[in-house]
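> got a predicted structure here, sequence first:
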Amino acid sequence: MTSPLQQAPTVGTAMDTTAEQFDVIIIGAGVTGLYALHRLRERGFSVRIFESGDGVGGTWYWNRYPGARFDSESYTYGYSFSQELLQEWEWQEHYAGQPETERYLNYVADKFDLRRDISLRSHVHSVVFDESANAWQVFLADGRQARARFVITAVGSLSAYYIPDFEGLDSFQGTWCHTGRWPAAGMDLAGKRVGVIGTGATGVQLITAIAPEVGHLTVFQRTANYCAPLRNGPIDPETQRQIKASYPEIFQKCSETAGSFIHQFDPRSAMSVSPEERLEQYERLWTEPGFKKWLSNFYDVMLPGEANEDYAAFVRQKIRERVKDPVIAEKLVPKDHMFGSKRLPCESGYYEVFNQDNVELVDVREAPIERITPTGVKTKAAEYALDVIIFATGYDAVTGPLNRIEIRGEGGQTLKDKFAEGPRTYMGIQSVGFPNLFTINAASVGNFVRAAEPLVDWVCECIGYVRAHQMTRIAPAPEAEAAWTQHVAEAGAKILRTQANSWFVGANIPGKARFLLTSPDSAPVMRAKRAEVAAKGYAGFILQ
Ligand SMILES: Cc1cc2nc3c(=O)[nH]c(=O)nc-3n(C[C@H](O)[C@H](O)[C@H](O)COP(=O)(O)OP(=O)(O)OC[C@H]3O[C@@H](n4cnc5c(N)ncnc54)[C@H](O)[C@@H]3O)c2cc1C
């Protein structure tokens, strides 16, 4: 068996108070960590990023699998804070692939001279609160230590890759890999018998990209998803010019939508127009790129009910039309969850892959995987001989990367224990018992950078406020945390995202408590709530 996955060594937690000191330690050098570093340095803080990987970029460093790309429009995803950067950088495609986004984030790191404050190959093993000093001690897996008053966990919401606990994986004699740890040197798939486990957004991208190259492809599907055509393309010079000239409007539009995407819902109800008009809109949006067919649709398509089911039926029909074998088509048609209750995978030829003679679809809900064997995968019904197994099995989302760090707060309690029944936070930002720790990987969703920039700005402002008022600690008031946690549970229960068995509610991880892992509020509402809290001198927080 060969695999590029690494295990972190274990370390002790005896504090060395002479360890290198910083004002702020950031864990993670993805888009969030890089931006936080830049902003905090501007304010004169000493900052250090510790990053497990060999390079910057986070998601866009690790996810090198073939086909990895945005479903956000590239130019809506990039940072907005620097006019110079906006004018210099030229996105090549409407939906950039991983290499382009990784290049972009490296360009940012160089342009703003971020690397001097980033320690790569620095896996944070544990973070322990020193109550006597109101400071955090950070322990790296290689034995190094550092201290800081504040810690920001910019560890990502989708960075803790997850592989189901299949019996026999160690015995597999071929090669295997998780998509989130795709080797930089690539994997040799040409002519091989390849099995892909998982058909979420990543599986859909990967399967489409490797299908022309492999000898035989076996796709193990548990859940059929609603997928829609991405309709990607290069950005021509005239469009490039228009994009550069209209960044303020682009970002303004994004700031007004629930998920910070550029698409605005049609304020009409699908059911208020005639069936012909409804269908005409569905068909027209279907020819448009990206999430438009999802997020520019009649507003009630995104609410549980008749409109949602009407659109789901339309999408199911679109799938059926593309798959030649009606039996296979039916397996690819989602029937167990509502349209939009999971993030919509965008594709570029996914369904046609299943018309290839060398591609086989295995329904593991019908016949579950029993074990991995030395030569492949055995389900309840059959054995599949494979040279390569690729796990497109997703992530232990949001709390996963936090739980993989031993975070010990006041009284030695761990964040993992505290979050055992779901995150208990105030606005996703802080948790009682963990002063000066900003868990911002849990607080940003949608078109990520649009939501992350204002959140990071808020945290930097907050840290600046604590310092300016000569205080040394900030933590939520217990009643503020309780009220927020209740709000997440109650408001969360009403939104589409909690209706499916998805990572949004931890349903993809056996034993994980079912709880909405992100905010139930729209991005504008979250920004307004945070602004109000700050304007009231950080209402709901205890500052000392
Ligand atoms: C395949 C894929 C496609 C996506 N496409 C989109 C998209 O089109 N649009 C969109 O808005 N979002 C998309 N996302 C979500 C994406 O995760 C965010 O857009 C964004 O990249 C998150 O940035 P981040 O900096 O918060 O976290 P990440 O990019 O996940 O970075 C976190 C970093 O923290 C590091 N880290 C974690 N734990 C430790 C530790 N203990 N010690 C040291 N370092 C640690 C990790 O190595 C990682 O580099 C996608 C996600 C995936 C997985």
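Right, received. Where do you want to start?
> number of residues surrounding Ser357?
One correction, residue 357 is Asp, not Ser. Applying other CB atoms under 10 Å, we find 6 residues neighbouring Asp357. Where you see a C-beta, it was placed from the backbone N, CA and C, and this is true even at glycine.
> now do it against Asp325, distance only.
11 Å (CB to CB, to the nearest Å).
> same question for His94.
Remark: distance between His94 and Asp325 (CB to CB) = 32 Å.
> between these two, which one's more packed in?
Between His94 and Asp325, counted using other CB under 10 Å, His94 has the larger neighbour count: 21 against 12.
> got the residues of the chain near the ligand?
Taking CB under 6 Å from any ligand atom as the contact definition, the chain meets the ligand at 27-33, 50-53, 58-59, 61, 63, 68, 70-72, 77, 123-124, 154-156, 158-159, 202, 401, 405, 441, 447-448.
> now with 5 Å?
28, 30-32, 51-53, 58-59, 63, 70-72, 123-124, 155-156, 158-159, 401, 405, 447-448 (CB under 5 Å from any ligand atom).
> in strands, which of the residues you listed appear?
Judged by DSSP state E, strands contain the following of these: Val124.
> list phi and psi for Phe139.
phi -110, psi 120 (degrees, to the nearest 10).
> again but with Leu386, I slipped
Per degrees, to the nearest 10, the backbone of Leu386 is at phi -140, psi 150.
> right, and it touches Arg193 too?
Yes - the criterion here is CB atoms under 8 Å, and Leu386 meets it with Arg193 at 5.0 Å.
> between the two, who's got more neighbours?
Set Leu386 next to Arg193 and count neighbours by other CB under 10 Å: Leu386 wins out with 25 against 20.
> rewinding a little: emit the ChimeraX select command for whichever of the residues of the chain next to the ligand are buried.
Isolation of the buried members of the residues of the chain next to the ligand (16 or more other CB atoms under 10 Å) is achieved in ChimeraX through the command below:
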select :28,30,31,32,51,52,53,58,59,63,70,71,72,123,124,155,156,158,159,401,405,447,448
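> mind checking which of the residues of the chain next to the ligand land in helices?
Judged by DSSP state H, the subset of these located in helices is 31-32, 59, 401, 448.
> and the residue of the stretch 101-250 of the chain nearest the ligand?
Gly156 (2.1 Å; CB to the nearest ligand atom).
> how close does the residue of the stretch 301-450 of the chain found nearest the ligand sit to Leu158?
Nearest residue of the stretch 301-450 of the chain to the ligand: Phe448, at 3.2 Å (CB to the nearest ligand atom). Remark: distance between Phe448 and Leu158 (CB to CB) = 10 Å.
> residue ranges with poor pLDDT in the stretch 1-150 of the chain?
1-13 (pLDDT under 70).
> where along it do the strands fall?
With strands called from DSSP state E, counting those that start in this stretch, the stretch 1-150 of the chain shows them at 20-27, 47-50, 118-119, 124-130, 135-140, 145-153.
> check what pLDDT the residue sitting furthest away from the middle of the chain gets.
Going by CA atoms, centre = their mean, the residue of the chain most distant from its centre is Ser274, 37.7 Å out. For Ser274, the model assigns a pLDDT of 97.
> repeat that for Pro326.
For Pro326, pLDDT reads 97.
> I'd say it and Arg320 touch.
Yes - in this structure, Pro326 is within contact of Arg320 by CB under 8 Å, at 7.5 Å.
> who's more crowded, the two?
Arg320 (14 against 9).
> list the contacts of Val138.
25, 27, 50, 124, 126-127, 145-148, 151 (CB atoms under 8 Å, 6 or more residues apart in numbering).
> and those as TSV, adding distance to Lys244?
Output for the contacts of Val138, formatted as TSV (distance: CB to CB, whole Å):
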residue	distance to Lys244
Ile25	36
Ile27	34
Phe50	35
Val124	38
Ser126	45
Val127	41
Gln145	45
Ala146	40
Arg147	43
Ala148	38
Val151	37
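> now the buried members of those residues.
Counted by 16+ other CB under 10 Å, these give 25, 27, 50, 124, 126-127, 145-148, 151 as buried.
> Ala141 reaches Phe50, doesn't it?
No - applying CB under 8 Å, one finds Ala141 not in contact with Phe50, separated by 10.0 Å.
> shared neighbours of those two, anything?
Any residue near both Ala141 and Phe50 by CB under 8 Å, 6+ apart counts here, and that gives 123-124.
> if we can go back for a sec, of all the contacts of Val138, which comes closest to Asn297?
Ile27 (38.0 Å; CB to CB).
> residue contacts, the residue most central in space within the chain?
Centrality entry for the chain: nearest residue to the mean C-alpha point is Leu158, 3.9 Å, by CA atoms, centre = their mean. Taking CB under 8 Å, 6+ apart as the criterion, Leu158 is in contact with 59, 180, 394-395, 397, 503.
> with Tyr465 instead?
534, 538 are the contacts of Tyr465 under CB under 8 Å, 6+ apart.
> is it fair to say it lies in a helix?
Yes - under DSSP: H, G, I helix; E, B strand; the rest coil, Tyr465 falls within a helix.
> need the residues touching each of Leu386 and Arg193.
218, 376.
> thinking again about what came up before, out of the buried ones among the contacts of Val138, which comes closest to Tyr226?
Relative to Tyr226, the closest of the buried ones among the contacts of Val138 is Ile27; by CB to CB it sits at 34.6 Å.
> and that closest one, how close does it get to Gln413?
19 Å.
> and Glu347, by the same measure?
Relative to Gln413, and taking CB to CB, Glu347 is found at 44 Å.
> swap in Met338?
38 Å.
> comparing the two, which residue is more hemmed in?
More crowded of Met338 and Gln413, by other CB under 10 Å: Met338, with 20 against 15.
> show me what Ser119 is bridged to.
Counting by DSSP bridges, Ser119 is bridged to Phe50.
> contacting residues around it?
Contacts of Ser119 by CB under 8 Å, 6+ apart are 48-51.
> for the stretch 151-300 of the chain, which segments count as strands?
175-178, 193-197, 216-221, 228-229.
> which stretch among those approaches Thr375 most closely?
Comparing the strands of the stretch 151-300 of the chain by CB to CB, strand 193-197 comes nearest, at 9.7 Å.
> which strands or helices does the closest one pack on?
helix 201-210, strand 216-221, strand 376-379, strand 388-391 (3 or more CB pairs under 8 Å, 6 or more residues apart in numbering; DSSP states H and E).
> and the second one, what does it pack onto?
For strand 216-221, the contact count by 3+ CB pairs under 8 Å, 6+ apart identifies strand 193-197, helix 201-210, strand 359-363, strand 376-379 as packing neighbours.
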